[in-house]
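In: return atomic coordinates for the entry below.
(4 chains)
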Number of protein chains: 2
Amino acid sequence: MTQSPWDRSLAVTTDIVIFTIRDRKLELLLVRRAAAPFQGQWALPGGVVGPDEGLKACATRALDEQTGVSGVYLEQLYTFGDPGRDPLRRVISIAYYALVPSDRLELRASAAPQAVGWFALEQLPPLAFDHCEIVALAHHRLVSKLTYSTIAFQFMGEKFTLSELQAVHEIILAQRVDKRNFRKWALALEQIEPTGEERRDGKHRPAQLYRLKFPGRVEIIR
Amino acid sequence: MTQSPWDRSLAVTTDIVIFTIRDRKLELLLVRRAAAPFQGQWALPGGVVGPDEGLKACATRALDEQTGVSGVYLEQLYTFGDPGRDPLRRVISIAYYALVPSDRLELRASAAPQAVGWFALEQLPPLAFDHCEIVALAHHRLVSKLTYSTIAFQFMGEKFTLSELQAVHEIILAQRVDKRNFRKWALALEQIEPTGEERRDGKHRPAQLYRLKFPGRVEIIR
DNA sequence: GCAAAAGTGTTGGAGATACACCCATGA
DNA sequence: TCATGGGTGTATCTCCAACACTTTTGC
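Out: Residues are numbered from 1 along each chain as shown, chains lettered A, B, ... in the order given. Here you go, the predicted structure:
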């Protein structure tokens, strides 16, 4: 319709909450801001949506640029657009969240000129903008989805044991889970299958290794 | 960051899927487009996000302008931003959906210079842009939420009978529901209470009238 | 042989489902 | 008195939660 002058200072961006499980904690990736506003503060990674770039494509690109990982689970979360969330200009940001399997979270150092780091969800530094709110919403969504979908499977590497899968659930829910019931639940979903291989580690019985039947697919259950 | 020239032709809008129950059907509001592209075609109501306008405020305003209703349930649905979804320019649209109680869906004629109309979800005309996809997603969300929240209560007027509430559920789910079980379920939620009044209509026993204990509040259950 | 994690079955209870009859009213 | 929708209780079943012991290995 009408083209108003404020279009000049409008920006559309994506912000990404990148979760992983590290060291038996739920962690997420933050970058230190190089420019004003909030210069020097930690913030969610993200990028400006390009002229011919789709929203998810923008998030994927930002994810790849910051972490070097690609092909991981990525889902649109919510769109934040309060006037004043950025003190300098009007920014509308489409938030995504991503789940990165623990076995490929080496950060690509070259492509990350800014400081980048993993932080435990429970011990986040002060965040720029309204990123704290975004993180809270992403966390809430993750916990909810855990109970009615197979989303947690996206944290697993190519091969994993049932105990590892259980640990992921326990970490996200922040509570213990009954081993027998968990195994019945996980196997009944018919989303994983044994590889036939075993993993030996430590002085105890080796564990059966499983793999996802449909990698990348998240099933809504119940 | 960098300010690129394409900002000139970027627009951020909201689109709203306005549901109501009319004549025992799930219907939604469409407007006929006055301008190109898709001139003369039916589309979702919506508006351009103003310079100092919040996203939800924009949706609320558009809703009010098109229907004259306000204070109804309104929730952000998803953000659509594929390049090319509008053939003339880049448009990023934050979709919302609204639920309007049947007892106040008189359209404000004065404020609706364009043609406006209610359409049964099952018999929609061809829609402009990707609005068909937006409607499908909104419908899916509504059906899902029906089973794990009290969202359907937002379709009810100030006073309503349990049979009316049941009818709303049956219409949205497109299937019959057991009367006894439905009543047990609805009452156990403790979100509605009897007014003490009765409604007589037809040659049968009058029905108890109920009201929402917390109007506007949608409870997540289970 | 012992420590440590892997692996497995059964039972009881809560909540959902299925189902049929009486009640109050208007015509 | 009959047709119409309003209103209620109970038996059954299914699924979830709780719970303890045996197996295999490394040291």
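In: please count neighbours and contacts with C-alpha atoms only from this point.
Out: Fine.
In: report the secondary structure state of the residue nearest to A:Ala120 when sequence neighbours are not counted.
Out: Closest residue to A:Ala120 apart from its sequence neighbours, by C-alpha to C-alpha, 6 or more residues apart in numbering or on different chains: A:Glu27 at 4.2 Å. Three-state call for A:Glu27 (DSSP: H, G, I helix; E, B strand; the rest coil): strand.
In: ok, A:Glu27 - contacts?
Out: The contact partners of A:Glu27, by C-alpha atoms under 8 Å, 6 or more residues apart in numbering or on different chains, come to A:Phe19, A:Thr20, A:Ile21, A:Trp118, A:Phe119, A:Ala120, A:Leu121.
In: bridged to it, which residues?
Out: Listed by DSSP bridges, the beta-bridge partners for A:Glu27 are A:Thr20, A:Ala120.
In: that one and chain B, how far apart?
Out: 26 Å (C-alpha to the nearest C-alpha, to the nearest Å).
In: closest one of the contacts of A:Glu27 to DNA strand D?
Out: Nearest to DNA strand D among these, counting by C-alpha to the nearest atom of the strand, is A:Ile21 at 23.6 Å.
In: what's the neighbour count on A:Arg33?
Out: 19 (other C-alpha atoms under 10 Å in any protein chain shown).
In: what's near enough to touch it?
Out: A:Gln39, A:Gly40, A:Gln41, A:Trp42, A:Ala43, A:Gln114.
In: filtering the residues you listed by proximity to DNA strand C, which remain?
Out: Among those, no residue lies close to DNA strand C (C-alpha under 7 Å from any atom of the strand).
In: returning to that earlier point: single out whichever of the contacts of A:Glu27 has the smallest pLDDT.
Out: Lowest pLDDT within these is found at A:Trp118 (93).
In: with adjacent residues omitted, what lies nearest to that residue?
Out: A:Leu29 is the one closest to A:Trp118 (C-alpha to C-alpha, 6+ apart), at 4.6 Å.
In: contacting residues for A:Ser93?
Out: By C-alpha under 8 Å, 6+ apart, the neighbours of A:Ser93 are A:Val12, A:Thr13, A:Thr14, A:Asp15, A:Thr79, A:Phe80, A:Gly81.
In: for A:Leu212, give me phi and psi.
Out: phi -70, psi 140 (degrees, to the nearest 10).
In: neighbours of the residue nearest to it when sequence neighbours are not counted, how many?
Out: Distances taken as C-alpha to C-alpha, 6+ apart place A:Ile192 nearest to A:Leu212, at 4.5 Å, with adjacent residues excluded. Using other C-alpha under 10 Å, A:Ile192 has 17 neighbouring residues.
In: tilt between the host helix or strand of A:Ile94 and strand B:90-100?
Out: Here A:Ile94 sits within strand A:90-100, counting by DSSP states H and E. Put simply, strand A:90-100 runs at 90 degrees to strand B:90-100, going by axes from the mean of the first three to the mean of the last three C-alpha atoms, to 10 degrees.
In: filter the contacts of A:Glu27 down to the ones near DNA strand D?
Out: Near DNA strand D, by the rule C-alpha under 7 Å from any atom of the strand, you find none of these.
In: most neighbours, which of the residues you listed?
Out: A:Thr20 (27 neighbours).
In: quick check: residues of chain A near DNA strand D?
Out: A:Asp178, A:Lys179, A:Arg180, A:Asn181, A:Arg200, A:Asp201, A:Gly202, A:Lys203, A:His204, A:Arg205, A:Pro206, A:Arg222.
In: ok, so of these, who is nearest A:Ala34?
Out: Nearest to A:Ala34 among these is A:Asp201, at 43.3 Å by C-alpha to C-alpha.
In: what's the span of stretch A:17-37, first residue to last?
Out: From its first residue to its last, stretch A:17-37 covers 20 Å (C-alpha to C-alpha, to the nearest Å).
In: buried residues in that stretch?
Out: Applying a neighbour-count criterion of 16 or more other C-alpha atoms under 10 Å in any protein chain shown, one finds A:17-22, A:25-33 buried in stretch A:17-37.
In: stretch A:205-215 vs DNA strand C: in contact?
Out: Yes: between stretch A:205-215 and DNA strand C, judged by C-alpha under 7 Å from any atom of the strand, the touching residues are A:Arg205, A:Pro206, A:Ala207, A:Gln208.
In: and the furthest pair within the residues of chain A next to DNA strand D?
Out: Farthest pair in the residues of chain A next to DNA strand D, by C-alpha to C-alpha: A:Lys203 and A:Arg222, 38.3 Å.
In: who in chain A is up against DNA strand C?
Out: A:161-164, A:179-181, A:183, A:203-208.
In: helix, strand or coil for the residue lying closest to A:Arg176 once chain neighbours are set aside?
Out: Excluding its sequence neighbours, the residue lying closest to A:Arg176 (C-alpha to C-alpha, 6+ apart) is A:Glu170, at 5.4 Å. Three-state call for A:Glu170 (three-state DSSP): helix.
In: equivalent analysis for A:Ala34, please.
Out: coil.
In: any idea how far A:Ala98 is from it?
Out: 23 Å.
In: for the biggest helix by length in chain A, the averaged confidence score.
Out: In chain A, assigned by DSSP state H, the helix with the most residues is helix A:131-148. Averaged across helix A:131-148, pLDDT comes to 97.
In: cool, thanks, talk later.
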